[in-house]
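1. quick one, fold the following:
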Amino acid sequence: MSCILQSHRLVALIACEGRMIRALEHARVTLSMEVESSPTVLHVYDDNDIRSVLFGTIDGRIGLLDIEKTQSFSKWIIQDNQYTSAISCMDSYKMVQIEHKNVIVGRQDGNIEVYAIDLSDKEASVLLYTTNCNESVTSLCCGIIGEANYDEILVATYTGRIFGLTTQSVERNLNTDSKNYYFTTESVQRISKLKNEIEELQIKVTKEREKYQASTHSYMEEMSAIPLLSIKDSMVQSKQDASYVLTLEVPTAIDNVLLQSNVPVDLLDVEKNSAVVSFSEAEPHVIIASCV
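-> Reported below is the predicted structural model:
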């Protein structure tokens with residue numbers, strides 16, 4: 001990431017996994033800033049002639065940098081005592097009519113959050129909105145995209161899905177007698193268009209499935225193999241209980257996960273766990289667990 005200082009110098013900032021943020025000028029490291037946790041993303045917060053650098057960390061916090069001074073780390077803007085997922089992307093945009101821009105955060109666990117912050121104030125940041133898309137967020141940007149005069153958040157996920165979150169209220173009326181919803185003409189057209197797109201995708205999937213089945217039943221000496229899948233994995237230590245959080249993500253459905261270890265491992269249950277874990281005894285392994 002690059003930013004322009006008050007002295008009109010162009011500086012490149014690099015977030016390093018070893019808990020360092022380095023500033024480069026003319027291909028030379030001019031400043032090394034050590035932070036408490038590994039930085040995952042950098043963002044220039046530009047609001048009302050105030051330009052600051054925000055950084056997100058692997059343990060879910062957002063800090064403020066002051067690269068004009070020797071003491072580069074200023075303070076934590078967003079932090080939680082409980083473990084939160086790593087921050088994968090950030091943007092700043094005025095989603096609500098307040099004095100300063102909001103900070104929009106995308107996390108590895110699929111959370112999308114909108115915060116109200118004030119860099120000059122000592123008060124804590126306020127979480128205004130949150131939602132979860134059930135897969136890791138890789139990128140997001142804000143602006144007027146699909147509808148005039150309505151601000152939106154455009155989100156891209158790990159599997160390639162792109163969707164938007166809008167401030168536009170969906171106009172609908174409920175008939176208390178028939179319990180039916182009455183949508184506007186524009187909403188009906190959108191729903192009809194989406195249904196047509198879904199039908200086209202279903203037809204394409206059916207054709208590809210038939211083509212695959214025909215190729216597997218052919219008399220040609222061909223081998224059928226599962227395509228290689230890109231696996232996104234991470235293991236991050238939680239500072240609350242000194243445990244490790246293992247995250248696995250692939251662009252397809254996961255039926256089960258097999259864990260095998262040669263050393264004793266305790267599997268901890270979490271609040272949002274929906275898997276059924278079964279253990280098996282096998283030599284020479286200490287633990288074999290299957291999560292379904």
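
2. didn't Ile112 look like it was pressed against Ala156?
-> No: contact status for Ile112 versus Ala156: not in contact, 11.3 Å apart, counting by C-beta atoms under 8 Å. C-beta here means a position set from N, CA and C on the backbone, and glycine is covered the same way.

3. show me which of those two is the more surrounded one.
-> Legend: neighbour count by other C-beta atoms under 10 Å for Ile112 and Ala156, higher for Ile112 (19 against 16).

4. hang on, the earlier thing: could you name every residue contacting both of Ile112 and Ala156?
-> Residues touching both Ile112 and Ala156 by C-beta atoms under 8 Å, 6 or more residues apart in numbering: Val137, Leu140.

5. give me the neighbour count for the residue lying closest to Ile145 once chain neighbours are set aside.
-> Spatially, and ignoring its direct neighbours in sequence, Ile145 is nearest to Glu152 (4.7 Å; C-beta to C-beta, 6 or more residues apart in numbering). Neighbourhood size, Glu152 [other C-beta under 10 Å]: 19.

6. what's the answer for Tyr212, then?
-> 11.

7. wait, doesn't Gly63 sit right on Val53?
-> No: if you go by C-beta under 8 Å, Gly63 and Val53 don't touch, sitting 9.3 Å apart.

8. what's the residue nearest to Ile145 in contact with, if anything?
-> Applying C-beta under 8 Å, 6+ apart, the residues near Glu152 are Cys142, Gly143, Ile144, Ile145, Gly146, Gly164, Leu165, Thr166, Thr167.

9. can you rerun that using 7 Å?
-> By C-beta atoms under 7 Å, 6 or more residues apart in numbering, the contact list for Glu152 reads Gly143, Ile144, Ile145, Gly146, Gly164, Leu165, Thr166.
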